[in-house]
Structure formats: C-alpha cells, structure tokens
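Enquirer: Sharing a model prediction with you, sequence too.
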Amino acid sequence: MRYKNCRVLVTGGLGFIGSNLALQLAAEGAEVTVVDPCVPGCGGDPANIPASSGIQVVYANIGQVQRLRDHIMNADVIFNIAGEISHIQSMLNPERDLDLNTRDHLRFLEACREWRPGVRVVYASTRQVFGVPEYLPVDEQHPVNPVDYNGVHKYAASQYHLMLSRKGGLDAIVLRLTNVYGPRMSFTAMNQGFLSVFLKRMAEGLPLAVYGDGEQLRDPLYVSDCVSAFLHAGLMESSVRAFNVGGGEVLSLRQIAAISAGVAGLPEPKRVPFPAERQAIDIGSYYTDSTLFRATTGWAPQVSLEQGMREALAYYVRHRAVAGAAR
Ligand SMILES: NC(=O)c1ccc[n+]([C@@H]2O[C@H](COP(=O)([O-])OP(=O)(O)OC[C@H]3O[C@@H](n4cnc5c(N)ncnc54)[C@H](O)[C@@H]3O)[C@@H](O)[C@H]2O)c1
C-alpha cells in the first residue's frame, strides 16, 4: 500500500485512464481528488467514479487554477492525465486541441510551480509525438516528428513538464504511452482509436474490420498495466524524466482483430480500404522499447491481449455500456 494516506490529485480523472488510476489509488488508501469538467467530445463520464469510492470530484478545467489552489497546495503527488486524445479531431479543430492539450496545461503547471514547488507530477504523454517510426522498437532516443496537431501539442506540454523540472519548479516524470485499452474506455467520445471501436463492436456482437492489409504492428497496453506504470512513476527516484511505456506483446492489427473476435465469439475480421483521413495520419507500424522504464522501476506489463480483451468485454457486458447506454 505505497500510497496509503498520500494526498493525490488526478487530472482527467473521469476519463478512461484517469478513472482507473484514481480508483486504484483510492483502493491503496490514498486521499484522491479528481479534476475533470467532462470536456464535451472527450471520454470523461461521471459514472466512472462512483460515490462509494470516496474520491472527491472537482468539475473544473485544469486551466481554472484559482478553483484548484487548495488541491494543488495539498497534493503530495499529481497525476496529470487530462487531455484530448483524438488525432483526427486535432486536425479538424487544431485550436481546440491547442487549448486542451497545451494552453490549459501551461496554466496548470505554472500554478503547480508557484503553489507547490518541487511537486512530483506524472504526465500522460503519447507515442504519437514520434510520428512515423524511423526504427523499431521506438526508444527514448528516437527523433520526435509528429504527424498531427495532437502530437505537436502533447509534445509541447511534455516539454513544459521537463523544462520546469530542469529549473527546479517541478519534479516531473513523462510517460509516453502506446495504445491503451480496457474498462471505462469511452464508446461515445470522438475517435478514441481502433481498440475502443473493437471493444464497442465486440460488446454489440458486431463483426470487426481492419484497414488496409492489417499488417501494421502495435503493442497494446492493458489499463491495469498502464495504471501500474503511473503508480511506479509517482514514487520513483530517477534523474531520467521521460520514458516510453508499451505493452508486452507485439501484434499486427490483423492479429489483434482476430484475437478480439475470438474472445467475443465473432467471425474472422474483414479487411476494408483505409479511409483517406485516417491514412493521412497513420504512422504505420509502432511498438515500444520500454527497457529503460522497466530497468529503472521494475515495472513490467502482466496482461496479455486475450486476457485484457476478455476482462474488458466482461466489464462492458456487466455495465451495459453498449452504444453509449447509461451505465
Ligand atoms: N488512451 C490511450 O490509448 C492513450 C495513449 C497515449 C496517451 N494517452 C494520453 O492519456 C491521457 C488520457 O487519455 P484517455 O484515453 O483516458 O482519454 P479520455 O478522453 O478518456 O480522458 C481524458 C479526460 O481528460 C479530460 N480533460 C481533457 N482536457 C481537460 C482539461 N483541459 N482540463 C481538465 N480535464 C480535461 C476529459 O474531460 C476526459 O475526461 C490523455 O492525455 C492522452 O493523450 C492516452
């Protein structure tokens, strides 16, 4: 119970990753406050944090710092998970993505620096900052070359964390996550990625499809493994501050679809042509070299895709979350 009695702030804590993290922290005995206004179009849902969890929820944007002053001043650890994840949406409405992923974080981090100098902040960055991989697996030395505004804005925000840490204002750790999936992933938010599409269709009993030849590689990370990475990062001691974090299996989209279909008892997935707007921001194959994070923390992913999909599907069936129905 590493976080027992620890006062923890989780931004974006009504969303997919943030709510799973907040619930695990509460289970470990932490005093958890979640900050999340449920931004329209993102994956936040008040039902993700039941009242019985004892977690305090502040319905505020992280840029509304005056509302967060006491929470920031009292925090032992801050998990900064808030963000818009839709790559397509970032190309359709870049300024919205700029506000949510960059400007709000700048305000929030400046407030943390001023009111709680030196606080540990763990930031949820993304593999998308690397763009089309020049080599695989992608390690921390890989050049940064985003292919969409989301990647650019997330990279800027990660640099705010790192720059403020170099200056002693924060003690930040940046985790660049691969594709994460599991319970509490939104089925109704805009463009949350292929794993949420697969899970939604599995829960509805609808066949799966893959774009193109389906040979692109990915290393999906089950959300409990992702949460475990954040828990390690919240307490780790390290002079290195930015880490790549990926799943334990490297699979093609075709294999991911086939395993998922098998779990849900669906027919063999079909191949369909790549929609043009997706092809334009596709990064081809990606998988992570997590060696540095594993060696520094002892963390390792535990859940196979088959097991993770089984658990996630069981969650959605239990919660009747099909097609946005109320949980
Ligand atoms: N899900 C993935 O596969 C994945 C992969 C890489 C990185 N990430 C990063 O992890 C974070 C969480 O992703 P998720 O999948 O849980 O998404 P999500 O949409 O389910 O949750 C994000 C939450 O952040 C909130 N939010 C957005 N902007 C905010 C702001 N300015 N102030 C306060 N709250 C705000 C939203 O209301 C939402 O509840 C994101 O920052 C994303 O970039 C996710």
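Expert: Thanks, I have it. Residues are numbered from 1 along each chain as shown.

Enquirer: lowest average confidence, helix or strand, in the protein?
Expert: helix 276-279 (a mean of 84; mean pLDDT, DSSP states H and E).

Enquirer: Now tell me what touches that helix from outside.
Expert: For helix 276-279, the surrounding residues in contact (C-beta atoms under 8 Å, 6 or more residues apart in numbering) are 88, 91, 211. No exception for glycine: its C-beta is placed from N, CA and C like everyone else's.

Enquirer: out of these, who's nearest the ligand?
Expert: Closest approach between these and the ligand, by C-beta to the nearest ligand atom: Ile88, at 13.7 Å.

Enquirer: What's the local residue count around the nearest residue to the closest one once chain neighbours are set aside?
Expert: Closest residue to Ile88 apart from its sequence neighbours, by C-beta to C-beta, 6 or more residues apart in numbering: Asn191 at 4.6 Å. If you count neighbours by other C-beta atoms under 10 Å, Asn191 ends up with 18.

Enquirer: thought Asn191 was touching Glu84?
Expert: No. Using C-beta atoms under 8 Å as the test, Asn191 is too far from Glu84 to be in contact (9.9 Å).

Enquirer: what sits against the residue of the chain found nearest the ligand?
Expert: With C-beta to the nearest ligand atom, the shortest gap between the chain and the ligand falls at Gly15, namely 1.9 Å. Residues near Gly15 by C-beta under 8 Å, 6+ apart: 36, 42-45, 48, 81-82, 184, 186.

Enquirer: Adding pLDDT and distance to the ligand, write these out as a markdown table.
Expert: Below are these laid out as a markdown table (pLDDT from 0 to 100; distance: C-beta to the nearest ligand atom, whole Å):
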| residue | pLDDT | distance to the ligand |
| --- | --- | --- |
| Asp36 | 98 | 5 |
| Cys42 | 96 | 4 |
| Gly43 | 96 | 2 |
| Gly44 | 97 | 2 |
| Asp45 | 97 | 7 |
| Asn48 | 97 | 8 |
| Ile81 | 98 | 5 |
| Ala82 | 98 | 3 |
| Arg184 | 97 | 8 |
| Ser186 | 94 | 5 |
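
Enquirer: Please indicate which of the residues you listed are buried?
Expert: 36, 42-45, 48, 81-82, 184, 186 (16 or more other C-beta atoms under 10 Å).

Enquirer: Mind giving me the packing neighbours of the helix ranked longest in the chain?
Expert: The longest helix of the chain (DSSP state H) is helix 149-166. Applying 3 or more C-beta pairs under 8 Å, 6 or more residues apart in numbering; DSSP states H and E, one finds that helix 149-166 contacts helix 87-92, helix 94-98, helix 104-115, strand 120-126, strand 171-177.

Enquirer: what about the strands in the stretch 1-150 of the chain?
Expert: 7-11, 31-35, 56-58, 77-80, 120-126 (DSSP state E, counting those that start in this stretch).

Enquirer: number of nearby residues for Ile78?
Expert: 28.

Enquirer: what does Asp282 give?
Expert: Neighbourhood size, Asp282 [other C-beta under 10 Å]: 15.

Enquirer: element containing it, please.
Expert: Secondary structure assignment for Asp282, by DSSP states H and E: no helix or strand.

Enquirer: How about it: what's its closest non-neighbour residue?
Expert: Phe274 (7.1 Å).

Enquirer: Could you report the distance from the one you found to Val227?
Expert: For Phe274, the distance to Val227 equals 32 Å [C-beta to C-beta, to the nearest Å].

Enquirer: Of those two, which one has the most company?
Expert: Applying other C-beta under 10 Å to Phe274 and Val227 shows that Val227 carries more neighbours, namely 22 against 14.

Enquirer: Asn20 is in contact with the more buried one, correct?
Expert: Yes. Contact criterion C-beta under 8 Å: Val227 and Asn20 qualify, at 5.2 Å.

Enquirer: quick one: contacts of stretch 33-41?
Expert: Contacts of stretch 33-41 (C-beta under 8 Å, 6+ apart): 7-15, 18-19, 22, 44-46, 49, 55-62, 68, 71, 75, 82, 84, 86, 89, 100, 189-190.

Enquirer: buried stuff in stretch 27-43?
Expert: In stretch 27-43, counting by 16+ other C-beta under 10 Å, buried: 28, 30-37, 39, 41-43.

Enquirer: ignore the last one, stretch 69-82
Expert: Buried residues in stretch 69-82 (16+ other C-beta under 10 Å): 71-72, 75-82.

Enquirer: What parts of the protein come near the ligand?
Expert: 11-12, 14-18, 35-39, 42-44, 61-63, 81-85, 100, 104, 124, 126, 154, 177, 179-180, 186, 189, 193 (C-beta under 6 Å from any ligand atom).

Enquirer: Per-residue pLDDT of the closest residue to Gly193 other than its chain neighbours, please?
Expert: Counting by C-beta to C-beta, 6+ apart, Gly193 lies nearest to Asn179, which is 6.1 Å off, once chain neighbours are set aside. On pLDDT, Asn179 comes in at 97.
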